[in-house]
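**Student:** what's the 3D shape of this:
(one chain, ligands or ions: 1)
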Amino acid sequence: MKKEDAELEDISLSNILRSIQYWPRVFRILWETHKAYLLIIAVINILQGLTPVVALLTTTQLINSVAKSHQQGTFEAIGWAFAIYVVLGLFSQCLALVENYLNPLFERLLTNRINILIMEKSIQLSLSAFEDSDIQDQLQRARQETSYRPYQIFSSIFTLGTSFITLFSTVALIVAWNAWVAVLLILIPVSSFVSFLRLGKEEFILNYKRAPRQREAWYLGFLLTKDSTFKEVKLFQLGTYLKARYEELFQGFYKEDKRLIRKRSLTSVSFEIFYQMVIGAIILLILWTAYVGQLLVGNVVGMIQATNLTHGTSQGIVQGILSLCQHNLYMKNLFAYLDLEQKSVASLPPSSAEFDVSGIESIEFRNVTFQYPGRGVPALRDISFTLRRGETIAIVGKNGSGKTTLLKCITQLYDDFQGDILINGISIRTINIEELRKKIGVVFQDFVHYEMDVRHNIGFGDIDSINQDDELLQAASQAGIQEMVEELPQKLETRLGLWFEEGHQLSGGQWQRIAIARAFMRKADLYILDEPSSYLDPEAEKDVFDKFYNLVKGKLGIFITHRYSSVSFADKIIVMDQGRIVEQGSHRELMKEDGIYAGLYHLQASSFVMNEDENDA
Ligand SMILES: Nc1ncnc2c1ncn2[C@@H]1O[C@H](COP(=O)(O)OP(=O)(O)OP(=O)(O)O)[C@@H](O)[C@H]1O
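**Tutor:** Numbering: from 1, shown residues only. As a prediction, this is how the structure comes out:
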């Protein structure tokens, strides 16, 4: 049985009630959202709890004063009772108005606060956590519904509080007449508690298990509505298929929801019929008591109101407790995500201190082995090499041989490898990673197209210098696109991509050069390019590599490429195969060795020669 299924089996009443432990955290979130609004709403809720019974008492007083005034022949008592009745009515309307004004504002602020908490957590997580589908499901659950639940907990607690105030006061009125009726009125809604609790639990489990399918539905929607996927969807004619799959998922959700809603409606109707029969019997008893002369007409009205109010309130209390249990369950989802473990300084062994590196002088891989979670074989096996300041390394090898993984280990996107990586002779595990990353400029294969202006697209490489136009243009020039940027309609302020208004679309190669400029923008010691020429024409590729070699002079450079023409200038070439380094040395040394590298180099060179020969023929 999966861990999450075992947890779901465990949703018992006592467990649900135990989740009250989240309340202090929920209240902290509410408090941090807006203290003044929270306090005003709380006071209004307490006052509102008192208004129904005060209104009931004034109505009783008003009717009785009409009856008495008629006998005494004076209007004064009616006047007073009426004045109090009107003032109270106005007061309660004012409270409702203030609450209606503050509630939506507070809810909006709260939704924002929860979203920020979720985003903050996402920033802290490691890449391997992010690539874990279970964690993606947890994120989905945390996002789903939890944005409004804390407010619901708060308002449910207050509604419960006010309902209890109302209940006690109305029950006191009824007890004065007939204690058994009061007990009956309180007990009848309790009878439905277990049934509704079971339904609430069923709904929660349904939503919990739905998270992976919901993500799939979101993904299908994404495929069908985003420009980056549109071309393939259109040309492979996938639209109908993907839409049908989406529809199928939706129908599944709909069927589940419908079954649950039907069950809930049936339960509500059965209990409501039962309640109404009991209430009818009680009202008949009140009328009988008045008929035999034991109640005044005002008290009859008051008693009937009190009966309905007690019934309504006790039913509200039971529903309130039920929804609190529900909200608690959902909050558990949010906190499960927010509490996901993250690697931090605190997780370092106690003896190790965190070093700040003032500059990268050398990088040494010492027997590094790394295996992706859930993969049978390591992606890196026993990798050892050294790169010193002033050197450039080219990494080559077949697809899937581990080249990109090696870069992800240097940049500490993955940190649970065996062996060690030494920066200036110090283990990377004891180094302040955020400081280290400031000294690395990197372009991955799947670089980001920021649908923002050129300033941001390049400036993100060094956010502190985003307003330094000369630095931005210099980075653009190092990536060979200064001219292109200057020809854009609004130069640095031109928005790239087509997602937003006045966007300017670039070609694949131009986007790649923008990403290279972003990496060059960083005042780094180590520059890393993962297949920087994949989108570039041969001329642009040569240009980028010339500029790269120039840029990394006196620094450290690593690049991955499948084009051997650009490799020969590197100080060292590492050849990878199935996660291992199978050859390393300079171009000249490796050619002399006449091994894999030399073979691949000749293969690529000969394909050009062959093509030329074929053309000649
Ligand atoms: N995020 C991941 N989770 C699990 N396995 C992965 C992940 N990324 C890569 N792999 C696996 O690790 C191995 C090495 O992948 P890597 O991306 O490092 O290869 P590469 O040499 O850069 O390939 P390419 O030349 O195609 O870019 C492959 O077998 C791949 O399937």
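**Student:** secondary structure class for the nearest residue in space to residue 178 that is not next to it in sequence?
**Tutor:** Distances taken as C-beta to C-beta, 6 or more residues apart in numbering place residue 285 nearest to residue 178, at 7.6 Å, with adjacent residues excluded. Bear in mind the C-beta positions are built from the backbone N, C-alpha and C, glycine included. Judged by DSSP: H, G, I helix; E, B strand; the rest coil, the three-state class of residue 285 is helix.
**Student:** quick check: pLDDT value at residue 285.
**Tutor:** Residue 285 is assigned 86 on the pLDDT scale.
**Student:** also residue 483?
**Tutor:** For residue 483, the model assigns a pLDDT of 91.
**Student:** please shift the residue numbers so they start at 24 in all later answers.
**Tutor:** Shifting the count to begin at 24 puts that one at residue 506.
**Student:** the ligand contacts on the protein?
**Tutor:** Within the chain, the positions near the ligand by C-beta under 6 Å from any ligand atom are 154, 395, 398, 402, 420, 422-428.
**Student:** if you set the cut-off to 5 Å instead, what comes out?
**Tutor:** Taking C-beta under 5 Å from any ligand atom as the criterion, the chain approaches the ligand at residues 154, 395, 402, 422-428.
**Student:** most surrounded residue in those residues?
**Tutor:** Greatest neighbour count in the residues of the chain next to the ligand, by other C-beta atoms under 10 Å, goes to residue 426: 25 neighbours.
**Student:** thought that one was touching residue 418?
**Tutor:** Yes: look at residue 426 against residue 418 with C-beta atoms under 8 Å: they come within range, at 4.8 Å.
**Student:** common neighbours of these two, please.
**Tutor:** Taking C-beta atoms under 8 Å, 6 or more residues apart in numbering as the criterion, residue 426 and residue 418 both touch 583, 599.
**Student:** the residue nearest to residue 201 against residue 207, yeah?
**Tutor:** No: between residue 308 and residue 207 there is no contact under C-beta under 8 Å: 10.4 Å.
**Student:** just the helices from the stretch 474-623 of the chain, written as ranges.
**Tutor:** 477-482, 492-501, 505-510, 531-544, 561-574, 610-616, 619-639 (DSSP state H, counting those that start in this stretch).
**Student:** any idea which of these scores lowest on pLDDT?
**Tutor:** Per-stretch mean pLDDT for the helices of the stretch 474-623 of the chain is lowest at helix 619-639 (a mean of 69).
**Student:** quick one: the strands in this protein?
**Tutor:** Remark: strands assigned in the chain by DSSP state E are 385-393, 403-411, 415-420, 441-446, 449-450, 463-466, 549-553, 579-583, 595-600, 603-608.
**Student:** tell me the buried residues in stretch 517-527?
**Tutor:** By 16 or more other C-beta atoms under 10 Å, the buried positions in stretch 517-527 come out as 517-520.
**Student:** ok, of the residues you listed, which one's closest to residue 277?
**Tutor:** Among those, residue 520 lies closest to residue 277 (C-beta to C-beta), at 35.3 Å.
**Student:** what mean pLDDT does stretch 73-91 get?
**Tutor:** Averaging pLDDT along stretch 73-91 yields 77.
**Student:** so what touches it?
**Tutor:** Residues from elsewhere that reach stretch 73-91 (C-beta under 8 Å, 6+ apart): 100-101, 103-105, 107-108, 111-112, 114-115, 118, 185, 188-189, 192-193, 196, 319-322, 324-325, 328-329, 332, 336.
**Student:** could you measure from residue 558 over to the ligand?
**Tutor:** Noted for residue 558: a distance of 14 Å to the ligand, by C-beta to the nearest ligand atom, to the nearest Å.
**Student:** now do residue 73
**Tutor:** From residue 73 over to the ligand the distance is 60 Å, taken as C-beta to the nearest ligand atom.
**Student:** domain boundaries for this protein, per the record?
**Tutor:** Listed domain ranges for the chain are 35-361, 380-462+569-640, 468-546 (source: automatic domain parsing).
**Student:** name the spans of the stretch 124-273 of the chain whose pLDDT lies under the cut-off.
**Tutor:** 168-170 (pLDDT under 70).
**Student:** at 90 instead, please
**Tutor:** Within the stretch 124-273 of the chain, the segments meeting pLDDT under 90 span 126-127, 130-131, 133-135, 137-138, 141, 144-235, 237, 245, 248-262.
**Student:** cool, the stretch 274-423 of the chain as well?
**Tutor:** Along the stretch 274-423 of the chain, the model assigns pLDDT under 90 to residues 291, 294-382, 396-399, 421.
**Student:** ok, back up a step: of the strands of the chain, which is nearest residue 174?
**Tutor:** strand 463-466 (41.8 Å).
**Student:** in its sheet, which strands sit next to the closest one, and in what direction?
**Tutor:** If you go by DSSP bridges, strand 463-466 pairs up with strand 549-553 (parallel).
**Student:** pretty sure residue 541 contacts residue 465?
**Tutor:** No: using C-beta under 8 Å, residue 541 is not in contact with residue 465; the gap is 9.3 Å.
**Student:** more neighbours: which of the two?
**Tutor:** Legend: neighbour count by other C-beta under 10 Å for residue 541 and residue 465, higher for residue 541 (26 against 23).
**Student:** please name the spatially closest residue to that one (chain neighbours excluded).
**Tutor:** Distance criterion C-beta to C-beta, 6+ apart; nearest residue to residue 541, sequence neighbours excluded, is residue 484 at 4.0 Å.
**Student:** report the contact partners of the one you found.
**Tutor:** Going by C-beta under 8 Å, 6+ apart, residue 484 touches 464, 498, 540-545.
**Student:** please redo it, this time with the cut-off set to 7 Å
**Tutor:** By C-beta atoms under 7 Å, 6 or more residues apart in numbering, the contact set of residue 484 is 464, 498, 541-542, 544-545.
**Student:** now for those residues, which pair is the farthest apart?
**Tutor:** Greatest spatial distance among the contacts of residue 484 (C-beta to C-beta): 464 and 498, at 9.5 Å.
**Student:** quick one: the helices in the stretch 274-423 of the chain?
**Tutor:** Here the stretch 274-423 of the chain has its helices, by DSSP H, counting those that start in this stretch, at 320-361.
**Student:** next, count neighbours for residue 284.
**Tutor:** For residue 284, the neighbour count with other C-beta under 10 Å is 12.
**Student:** any idea how far residue 552 lies from residue 427?
**Tutor:** The gap separating residue 552 from residue 427 is 11 Å, by C-beta to C-beta, to the nearest Å.
**Student:** coming back round to it: now distance to residue 407 too, for the buried residues of stretch 517-527, in JSON lines please.
**Tutor:** Formatted as JSON lines, these follow (distance: C-beta to C-beta, whole Å):
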{"residue": "517", "distance to residue 407": "46"}
{"residue": "518", "distance to residue 407": "46"}
{"residue": "519", "distance to residue 407": "41"}
{"residue": "520", "distance to residue 407": "42"}
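**Student:** how about these in CSV, adding pLDDT?
**Tutor:** As requested, these are exported to CSV (pLDDT from 0 to 100):
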residue, pLDDT
517, 94
518, 94
519, 93
520, 88
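**Student:** between the residues you listed, which is closest to residue 591?
**Tutor:** Of all the buried residues of stretch 517-527, residue 591 sits closest to residue 519, with 33.9 Å by C-beta to C-beta.
**Student:** coming back round to it: among the contacts of stretch 73-91, name the buried ones.
**Tutor:** By neighbour count, with 16+ other C-beta under 10 Å, the contacts of stretch 73-91 hold 100-101, 104-105, 108, 111, 115, 118, 185, 188-189, 192-193, 196, 321-322, 324-325, 328-329, 332, 336 as buried.
**Student:** that older thread, any chance of a markdown table for the helices of the stretch 474-623 of the chain, columns distance to residue 363?
**Tutor:** Formatted as a markdown table, the helices of the stretch 474-623 of the chain follow (distance: least, C-beta to C-beta, whole Å):
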| stretch | distance to residue 363 |
| --- | --- |
| helix 477-482 | 30 |
| helix 492-501 | 36 |
| helix 505-510 | 41 |
| helix 531-544 | 29 |
| helix 561-574 | 38 |
| helix 610-616 | 45 |
| helix 619-639 | 42 |
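**Student:** for residue 406, which of these is the nearest?
**Tutor:** Among those, helix 619-639 comes nearest to residue 406, with 16.3 Å by C-beta to C-beta.
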